[in-house]
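Novice: Next comes the sequence, and after it the predicted model I'd like to discuss.
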Amino acid sequence: MQRTSDSLRATAGTSLKARTFECMGTVIGLTMPVGDPAEGQPGLDELAAATDVVERLFRDLDETFSLYRPDSEASSLARGELTLPHASAQMREAYAEAHEWRLRTEGAFTPERPDGVLDLSGLIKGHAIREAGTSLLALGRRDWCLNAGGDVLVSGSPRPGSAEPWKAGVVDPADRKTLITGYALGGNNPHHALATSGSAERGEHIWRVGSGPPDAGAFVQVTVAAADIVTADVLATAIVAGGTRMLDQVADQWDVAVLAIRADRSMLATPAFQPG
């Protein structure tokens, strides 16, 4: 079920409003500046229609890739009823992309669970967000913020026609009600996406490089800002899995900003991570 909520006032005659729905085990929210349609501004009907498009896209991908749905293609692969060479083109393309990321991160990001089951969830949510953003732009919606469980993609500005960025918050892994810092997305910043991975909210769901439990210096939460959401999401997961060595590699090879937090609350941040 979708829900509508009010937020801060955006510009004269407009205010930020959001609609939310649940899919892929998380809450997805679309926020847009809404005003008077008679003045050429998107209204609540446009927000509802845009959210319907986003929700349909998320649910379509979930029906194919979710391991929690026994009727999904991913579940058929996990049970051995289907092999990858005989899977759909969509599944094979997603696997090929995940395999490329595995090579680029030297195995820190992997599409296989430790038990050998193919699990593309670490890639598909980013895909859903990215494709939803493409669809919103195709609908003529230029100013919006899409948030899927803390992974954020933005376009335009909360004040249409201005260069004001959207503000994303980074939560404290020890207290999910507290923000550690904010980050400005869009505006004059080339980073339009921000993703967070870690064990603080969902437990140990990321497969760390090496054997045994995570050491005391392991990261419990990593936030990455990048130009696109798939890159941000994959690299955040890779750094949690690969630790400091992967953080150094990411900082050297990608144009991203990173904030990494350890269990003792100490932090490492790249110079590009400028709190908003």
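Specialist: It's in.

Novice: Give me the helices and strands touching the helix or strand hosting V224, please.
Specialist: Taking DSSP states H and E as the criterion, V224 maps to strand 219-226. Here strand 219-226 touches strand 175-185, strand 193-198, helix 229-253, strand 257-262, going by 3 or more CB pairs under 8 Å, 6 or more residues apart in numbering; DSSP states H and E. The C-beta positions use only the backbone N, C-alpha and C, and glycine is treated the same way.

Novice: Contacts for the first one next, please.
Specialist: Defining contact as CB atoms under 8 Å, 6 or more residues apart in numbering, one finds that strand 175-185 is touched by 145, 152, 154, 165-172, 191-194, 200-201, 223, 225, 257, 259, 261, 273-276.

Novice: what's the angle from the strand holding V224 to helix 229-253?
Specialist: Strand 219-226 runs at 100 degrees relative to helix 229-253, counting by axes from the mean of the first three to the mean of the last three CA atoms, to 10 degrees.

Novice: Just give the strands next to strand 219-226 in its sheet, each with its orientation.
Specialist: Paired neighbours of strand 219-226 in the sheet (DSSP bridges): strand 193-198 (antiparallel), strand 257-262 (antiparallel).

Novice: so which of those is the most packed in?
Specialist: Of all the strands paired with strand 219-226, strand 193-198 has the most neighbours on average by mean count of other CB atoms under 10 Å, namely a mean of 27.

Novice: Alpha carbons of that one, as PDB, please.
Specialist: Provided in PDB are the C-alpha atoms of strand 193-198 (Å, rounded to 0.1, in the frame of the first residue of the first chain):
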ATOM      1  CA  ALA A 193      23.700   8.700  -5.600                       C
ATOM      2  CA  LEU A 194      24.500   7.500  -2.100                       C
ATOM      3  CA  ALA A 195      24.400   3.900  -0.800                       C
ATOM      4  CA  THR A 196      25.000   2.400   2.600                       C
ATOM      5  CA  SER A 197      25.900  -1.200   3.400                       C
ATOM      6  CA  GLY A 198      26.700  -2.900   6.700                       C
END
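
Novice: and R245, how far is that from R102?
Specialist: According to CB to CB, to the nearest Å, R245 and R102 sit 16 Å apart.

Novice: Which of those two has more residues huddled nearby?
Specialist: Using other CB atoms under 10 Å, the more surrounded residue of R245 and R102 is R102, with 17 against 12.

Novice: Quickly find the element holding the more buried one.
Specialist: Secondary structure from DSSP H and E places R102 in helix 89-104.

Novice: swap in N147?
Specialist: Using DSSP H and E, N147 maps to strand 144-148.

Novice: Point out the other helices and strands that that strand packs with.
Specialist: Looks like strand 144-148 contacts strand 26-34, helix 44-65, helix 121-138, strand 151-155 (3+ CB pairs under 8 Å, 6+ apart).

Novice: winner for burial among those?
Specialist: strand 151-155 (a mean of 25).

Novice: got the angle for that strand vs strand 144-148?
Specialist: Using the same axes, to 10 degrees: strand 151-155 against strand 144-148 is 170 degrees.

Novice: Just confirm L235 contacts A251, I think it does.
Specialist: No. L235 is not in contact with A251 according to CB atoms under 8 Å; the separation is 10.0 Å.

Novice: what touches both of these two?
Specialist: Shared contacts of L235 and A251 (CB under 8 Å, 6+ apart): V258.

Novice: Looking at those two, which is more packed in?
Specialist: L235 (30 against 19).

Novice: The more buried one and R245: what is the separation?
Specialist: With CB to CB as the criterion, L235 and R245 are 13 Å apart.

Novice: okay, which residue of the chain is out on the far edge from center?
Specialist: Centroid-distance maximum for the chain: A38 at 34.4 Å, with CA atoms, centre = their mean.

Novice: Reduced to three states, what does that one come out as?
Specialist: What DSSP: H, G, I helix; E, B strand; the rest coil gives for A38 is helix.

Novice: Fine, thanks again, bye for now.
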